[in-house]
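Participant: quick one, what's the 3D model for this:
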Amino acid sequence: MAALTSCSANGRISGSAPPDRPLPAGIELAFNHHQNHHYRSPISGQLREGDDLEAFVLESIAAARQEILVAVQELSLPKVAEALAAKRQQGVVVKVVLENTYSTPWSQEHMADLVPHQRKRHQQMVALGWGDAVLILQRGGVPLIDDTADGSAGSGLMHHKFMVIDRKVVVTGSTNFTPSCIHGDPDDPQTRGNVNHLLRFHSPELAAVFAAEFERMWGDGPGGEADSQFGIGKEEGPLQEVMVGATKVGVLFAPHRRQDPNQGLLLIADLLAQARKNIDLALFVFSEQGVADVLAQLQTKGVAIRLLADPGFANRSFSEVLDLLGTQLPDRDCKLEVGNKPWKAPLEGVGTPRLAPGDKLHHKLAVIDHRTVITGSFNWSPSAAHQNDETLLVIESPLLAAHFSDEIDRLWRGAELGITSRLERKQQRQRNRCGSGVQRAQRNQRDPKKVFGGELVRVSQND
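Facilitator: Numbering: from 1, shown residues only. Below is the predicted model of the structure:
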């Protein structure tokens, strides 16, 4: 990995790491759990492995001369907010879009109005003592909207994680701009942050694609006409492809209607179906039966498949990880998912990485045949495809694929494979309570938003 120099060089231990791999021209990459790079955690004060993703973002902001467009689910890093406010004071145009759950300053929230996850987040922010990032934006005069600006109650989630600088540079990946997503939980110095990455593309052509998505959401901005577009109202189109140097980069923005042939889950399934040798996956959420079915077909053709799943999500009743393990699990109502297809020959290459308690595997990542990378904010779920504002990237580059393969290899070392003791205990509890379970009669019933690892993910009975 050849990440941004300022994110890692100051903390590098001389002679401790092999040379970084080369990256494609015009593309930079950083991992907050990189084993060969080090930085000092602003939470614990300890030297730790990884690239400082907050520094990566701050350096991008510092380079802006004309405009900064930010669309991210949550922004709770005060230094990032201060940098954006300072740029606005210098005359740079700054605009911010957030998910409505996180667009109110936490210091102005009332604990009695918060759900448990939000209450814990509030307590963590107080304990951290870093300041209120959204309030800093407001006091700095930075214009901000959320996904209720279209007059609705909000999309499934405004789940984008991107920033456009001067219509020339795009920063994006799997990372929210939060302490927990980058450095670790504010109330637990043992955590090192959810496992994440950020990419930086130097490309006016790609920046134009992201700026157009931002403008659909922004409309006239705060106080303007009700012309913001979020969720399904954006009427997203097909995959858009541009060249970043010699590298083909495809961008698909979600959501799409279920019958739309351009929708993201069909794109993922089609890309996976083209695999000839191997597929490596590192996924926070995997709850799409159609994609699991494609993987089952590939297994019969001899394609080598490795899947790393977030430990907290893998054992959910609607997780397709269970199919690959050849098992199933009743939900809290003792119902089994319609259409479940536990594999008759369970996949040996299914694992959950060993992470610090509280940390999550937050990538949404696939590497196909060592050359095609799928990444972005897009979890592999119907919610991402049909409800949320999302980014799905498809990058054709053996050079970049090698970096992500290194990351998956790192996570694979020490991973717990197969049906874990945690899953066995959960299965036994459910058998004692539910017997074998009863198949659910309906596929389209919807649960409210649920929380996985600090990130709200709207889930249904099959996602």
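Participant: how far away from the center of its chain is stretch 173-186?
Facilitator: Taking C-alpha atoms, centre = their mean, to the nearest Å, one finds stretch 173-186 lying 10 Å from the centre of the chain it belongs to.
Participant: avg pLDDT for it?
Facilitator: Mean pLDDT, computed over stretch 173-186, is 95.
Participant: same question, stretch 305-317
Facilitator: In this model, stretch 305-317 carries a mean pLDDT of 94.
Participant: tell me which helix or strand of this protein sits lowest on mean pLDDT?
Facilitator: For the chain, counting by mean pLDDT, DSSP states H and E, helix 5-8 ranks last in confidence among helices and strands (a mean of 38).
Participant: CA atoms of the following helix or strand past it as CSV?
Facilitator: Counting by DSSP states H and E, the next helix or strand C-terminal to helix 5-8 is strand 27-31. What follows is the C-alpha trace of strand 27-31 in CSV, where atoms were taken according to Å, rounded to 0.1, in the frame of the first residue of the first chain:
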residue,chain,number,x,y,z
ILE,A,27,-5.3,7.0,-7.0
GLU,A,28,-4.4,7.0,-3.3
LEU,A,29,-5.5,4.5,-0.7
ALA,A,30,-5.5,4.4,3.1
PHE,A,31,-6.5,1.7,5.6
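Participant: list the neighbouring strands of strand 27-31 plus their orientation.
Facilitator: strand 197-202 (antiparallel) (DSSP bridges).
Participant: can I see the domain layout of this structure?
Facilitator: With domains defined by automatic domain parsing, the chain comprises 5-230, 236-460.
Participant: pipe the ones you listed into a markdown table and attach mean neighbour count per row.
Facilitator: Heads up, the C-betas are built off the backbone N, CA and C, glycines and all. Formatted as a markdown table, the domains of the chain follow (neighbours: other C-beta atoms under 10 Å):
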| stretch | mean neighbour count |
| --- | --- |
| domain 5-230 | 19 |
| domain 236-460 | 19 |
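Participant: what segments of the stretch 251-400 of the chain are strands?
Facilitator: 278-283, 304-309, 335-336, 350-352, 364-368, 372-376, 390-396 (DSSP state E, counting those that start in this stretch).
Participant: who does the fifth one touch, helix- and strand-wise?
Facilitator: Counting by 3 or more C-beta pairs under 8 Å, 6 or more residues apart in numbering; DSSP states H and E, the packing neighbours recorded for strand 364-368 are helix 264-273, strand 278-283, strand 372-376, helix 398-412.
Participant: out of these, the one nearest Ala384 is which?
Facilitator: Of all those, it is helix 264-273 that lies closest to Ala384, at 6.6 Å by C-beta to C-beta.
Participant: how big is the angle separating the closest one from strand 390-396?
Facilitator: Between the axes of helix 264-273 and strand 390-396, defined by axes from the mean of the first three to the mean of the last three C-alpha atoms, to 10 degrees, the angle is 20 degrees.
Participant: residues in contact with helix 264-273?
Facilitator: Applying C-beta atoms under 8 Å, 6 or more residues apart in numbering, the external contacts of helix 264-273 come out as 239, 252, 254, 256, 279, 288, 290-291, 294-295, 297-298, 366, 368, 372, 374, 378, 380, 382, 384-385, 390, 392, 394.
Participant: run the last query once more with 7 Å
Facilitator: Contacts with helix 264-273, where a contact means C-beta atoms under 7 Å, 6 or more residues apart in numbering, come from 239, 252, 254, 256, 279, 288, 290-291, 294-295, 298, 368, 372, 374, 378, 380, 384-385, 392, 394.
Participant: in helices, which of those residues appear?
Facilitator: Under the assignment DSSP state H, the contacts of helix 264-273 contribute Gly290, Val291, Val294, Leu295, Leu298, Ala384, Ala385 to helices.
Participant: among these, which two are most distant?
Facilitator: Leu298 and Ala384 (21.6 Å).
Participant: beta partners of Met243?
Facilitator: Beta-bridge partners of Met243, as defined by DSSP bridges: Lys248.
Participant: mean pLDDT for the strands of the stretch 251-400 of the chain: which is lowest?
Facilitator: Note on the strands of the stretch 251-400 of the chain: lowest mean pLDDT is at strand 335-336, with a mean of 87.
Participant: so Leu75 touches Ala133, yeah?
Facilitator: Yes. Between Leu75 and Ala133 there is a contact under C-beta atoms under 7 Å: 5.4 Å.
Participant: and for the two, which residues touch both?
Facilitator: Taking C-beta under 7 Å, 6+ apart as the criterion, Leu75 and Ala133 both touch Ala81.
Participant: so where's this structure uncertain?
Facilitator: Along the chain, segments meeting pLDDT under 70 span 1-18, 437, 439-463.
Participant: what packs against the helix or strand containing Asn432?
Facilitator: Assigned by DSSP H and E, Asn432 falls within helix 421-434. Helices and strands in packing contact with helix 421-434 are not found; criterion 3 or more C-beta pairs under 7 Å, 6 or more residues apart in numbering; DSSP states H and E.
Participant: ok so Val170 is a helix residue?
Facilitator: No. Val170: not assigned to a helix; according to DSSP: H, G, I helix; E, B strand; the rest coil it is strand.
Participant: for it, give me its contacts.
Facilitator: So Val170 contacts Phe162, Val164, Phe201, Leu206, Ala207, Phe210 (C-beta under 7 Å, 6+ apart).
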